[in-house]
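Peer 1: my questions are about this predicted structure, shown below with the sequence.
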Amino acid sequence: MNNHLIEFNNVWKTYNMGSEEINALAGLNLTLDDGSFTAVMGPSGSGKSTFLHVAGILDMPTKGTFKLNGKETSKLSVKEQAKLRRNEIGFIFQRLNLISQLSAIENVMLPMIREDFKKAEEILGKMGLDSKYNKRPGQLSGGEQQRVAIARALINNPSIILADEPTGELDTKNANSIMQLLQDLNQDDGVSIVVVTHNPNLASFADQTIQMRDGQIVNSAE
């Protein structure tokens, strides 16, 4: 039985910069299984962010195929792509994109089609923010804001969380705490995780580490 959650098959992503073509992904081949926790590392310009954008159905391959849960994303309509993205993927970014005028619980409920305060409260409680439901982002610490962002990523029960440098703005203690939280979500709840990080200590929380360079996988270790 095929339990691949993510499948890249000879994926290229090419951008035109004036008269020059830049291959952000250059024949990328990769499969990640359901329930995996993967760290992606590599120098700036190696293709890590483009990899996340394609994996998150925020961008389509120029060539090759990308499948999420067996569905080839480029063959879906824009509406179908949006539905798959909403239902299957949770995003966490270094810039949290929390709305400053909204409370923690209101930020968490933003991706929901139908507001569910009880579910949002439960997830925030799991993040250790029981007493912070009505606090606005400016009233929360950096680590607390990141936990709100994780709760928002989880609100639609995604199959996978894609995190782009999610601890980049945090000190070591808070960064380790966030990575431990992601590890617990993976091990206890079966949520698949992909984290882009420059920090090998944080990558050690993952089950496998992938090294990227020039739009390709150059090394993979468990």
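Peer 2: Cool, the structure landed. Numbers count the residues shown, from 1 in each chain.

Peer 1: okay, CA-based contacts and neighbour counts for the rest of this
Peer 2: Fine.

Peer 1: so where do the helices sit in the protein?
Peer 2: Using DSSP state H, the helices of the chain run over 48-55, 78-88, 104-109, 117-126, 142-154, 172-189, 200-203.

Peer 1: which stretches of this protein have low pLDDT?
Peer 2: The model of the chain has pLDDT under 70 over residues 1-2, 220-222.

Peer 1: spatially central residue in it, please.
Peer 2: L162 (1.0 Å; Cα atoms, centre = their mean).

Peer 1: separation between that one and D116?
Peer 2: Taking Cα to Cα, to the nearest Å as the measure, L162 falls 23 Å from D116.

Peer 1: please apply the same query to T38.
Peer 2: Distance, T38 to D116, by Cα to Cα: 31 Å.

Peer 1: the two: who's more crowded?
Peer 2: T38 (25 against 12; other Cα atoms under 10 Å).

Peer 1: just confirm that one contacts S204, I think it does.
Peer 2: No - counting by Cα atoms under 8 Å, T38 sits too far from S204 to count as a contact (9.7 Å).

Peer 1: list the contacts of Q180.
Peer 2: Taking Cα atoms under 8 Å, 6 or more residues apart in numbering, we find Q180 in contact with F205.

Peer 1: buried set for stretch 5-14?
Peer 2: Neighbour counts over stretch 5-14 (16 or more other Cα atoms under 10 Å) mark L5, I6, E7, F8, N9, N10, V11, W12, K13 as buried.

Peer 1: who's in contact with the third one?
Peer 2: Contacts for E7 were tallied using Cα under 8 Å, 6+ apart; they are N29, L30, T31, L32, T65, F66, K67, L68, G70.

Peer 1: what's across from it in the sheet?
Peer 2: T31, K67 (DSSP bridges).
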